[in-house]
Each structure stands twice: as C-alpha cells, then as structure tokens.
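>>> this is a predicted model, with the sequence first.
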Amino acid sequence: MNDVVGQLQEEVNHLCALMYNYTGSLQRDAPPASLGDEPAGSGPVPNYDVPKETRGMAKAVVQASKTIDEIIRTLPPIDSEEEQVQRILELQVRVAYALCCSGLVPLADVSLGTDESCVVRRKPRRRPNSSLLQK
C-alpha cells in the first residue's frame, strides 16, 4: 500500500504543478478579458492561440485527474472505525515491542493503557556511536 500512496502523492503533486504552471502561463500570455463594462486593456499577445493552448492544458489536467482516480480505485477498502482502532493499537504494541527488543527503551518505560493503547513514557535512548568509542 505504501507504493500506492507514494504514487498517489506523486500524481497529486504533478496535478498541482500543472495547475500552477498553466495559471501562470495564462496570466502571462493570454489576452486580458473584460469584466462587465470595463475595457479589456491592451490587445492580445501575438501568436498566442487561446483556444488551442487552453484545450491542451485542459487535456493534461483531465488526464492527471483520471490517473489519480485510477490510483484511488486500487487502494484497499476502508475498514470500519472499530477495525481501524484495533489495527492502530496492534501497531502501537508492535512498535513498543520493537523498541524494547532493540534496547532503545527499557521494558519498564512501556505501559498498556486502560484502553489497550501502548504508551512509551520516555524518549528512546540513542545508541552510542561505535566509531567514537573506538578512538
């Protein structure tokens, strides 16, 4: 699932970059548009085909959106809230066990709460740098 989430993040970043760049391009190159009775301002920019350019931009944005939708469809279904809470609690216990087994946190500093949550009371200790000890 991590790969899917990474792909999703990359595609969302890509869509944001498209929108940012296209907005800037339109502000810079497209002719001004009038608002109501106000004049439009200076004339159009030479050699800028607004319909053609905006069609290309729109196609790229739609394609990126479709790719995001396809990636979202591959995500596993969302469990019930109770199952999610149970999974979080299991992961907390696994992390605490790993910290204890690695020697970073003494077992005395790990406790299970009344709601079965796992709490580490102190920050993990850093292991000494072995290269510093050898000098």
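Structure received.
>>> what's the neighbour count on Glu11?
19 (other Cβ atoms under 10 Å). The C-beta positions use only the backbone N, C-alpha and C, and glycine is treated the same way.
>>> so which other helices or strands are in contact with the helix or strand where it lies?
With elements taken from DSSP states H and E, the one containing Glu11 is helix 2-29. If contacts are counted by 3 or more Cβ pairs under 8 Å, 6 or more residues apart in numbering; DSSP states H and E, helix 2-29 sits against helix 50-74.
>>> what residues of the helix or strand following the helix it packs on count as buried?
Note on helix 50-74: by DSSP H and E, the next helix or strand toward the C-terminus is helix 81-102. Within helix 81-102, the residues scored as buried using 16 or more other Cβ atoms under 10 Å are 89, 92, 96, 99-100.
>>> got those residues as CSV, with distance to Asp3 columns?
Shown next, in CSV, are the buried residues of helix 81-102 (distance: Cβ to Cβ, whole Å):
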residue, distance to Asp3
Leu89, 25
Gln92, 24
Ala96, 27
Leu99, 26
Cys100, 30
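>>> tell me if Gly36 really is in a strand.
No - assigned with DSSP: H, G, I helix; E, B strand; the rest coil, Gly36 falls outside any strand and is coil.
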